[in-house]
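[1] Structure for the following, please:
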Amino acid sequence: MTKFFTNLLVVFLIMLGIIYLFSTIDKLNVTKKDVSLNELVLEIMDGKIKKIVVKPDMIAGFVDDKNEIVARKETSISLFETLKYYDVPTSTIQSLDISFKENLDWGGILTLGSMILLPVLIIAFFFIFMGKSSKSGPGQVFNFSQANLKQFLPNKDSIKFKDVAGLKEAKEEL
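    Below you'll find the model as predicted:
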């Protein structure tokens with residue numbers, strides 16, 4: 001592997017590490033408390049909750065930036081239907097800062113990505129390694145266009161009479 005690709009891989013891994021570190025540090029600052037939906041609605045009605053983040057299966061209410069109250073909800077029922085069921089006044093609902101987020105399953109994404117990407121990388125590195133070793137090796141496996149043919153000629157050293165002067169058998173053969 002060339003030095004460029006090695007450096008690129010190292011930079012990529014460092015960036016992933018930094019992203020993971022910052023995402024972990026950001027989550028450490030927030031205290032999360034799991035409560036029932038009834039308790040969350042009571043906190044909303046008391047005016048303690050200022051911001052709500054709605055995900056398909058949960059509602060997160062923020063008292064302030066550091067305290068989060070989380071309650072599970074039905075995925076088929078909207079937030080407004082849930083709050084109307086608990087008789088939360090419309091003015092209270094309108095005063096809330098409500099945002100919606102989709103759940104991202106990073107475990108599934110990373111698993112699927114590794115199942116696809118890892119074999120492709122292994123095969124690519126295999127071909128790169130084979131290509132580099134075959135160009136310098138004795139067979140030059142992938143070099144089909146040029147054949148290094150060598151003509152085999154038996155050793156035809158001319159034998160002269162001086163070389164075999166004292167040998168009777170060699171004289172007879174000549």
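
[2] can you pull the buried residues of stretch 94-103?
    residue 96 (16 or more other C-beta atoms under 10 Å). The way it works is simple: take the backbone N, C-alpha and C, and place the C-beta from them, glycine included.

[3] One more: stretch 32-45?
    Here stretch 32-45 shows 37, 40-41, 43-44 as buried, counting by 16+ other C-beta under 10 Å.

[4] now it, how far from the centre of its chain.
    37 Å (C-alpha atoms, centre = their mean, to the nearest Å).

[5] For that stretch, C-alpha coordinates in CSV please.
    Below are the C-alpha coordinates for stretch 32-45, written out as CSV (Å, rounded to 0.1, in the frame of the first residue of the first chain):
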residue,chain,number,x,y,z
LYS,A,32,-31.5,11.5,31.7
LYS,A,33,-34.4,10.4,33.8
ASP,A,34,-36.9,7.7,32.6
VAL,A,35,-40.4,8.4,33.8
SER,A,36,-43.9,7.3,32.9
LEU,A,37,-46.0,9.2,30.4
ASN,A,38,-48.3,10.4,33.2
GLU,A,39,-45.4,12.0,35.1
LEU,A,40,-44.1,13.7,31.9
VAL,A,41,-47.6,15.2,31.2
LEU,A,42,-47.8,16.4,34.8
GLU,A,43,-44.4,18.1,34.4
ILE,A,44,-45.6,19.8,31.1
MET,A,45,-48.8,21.0,32.8
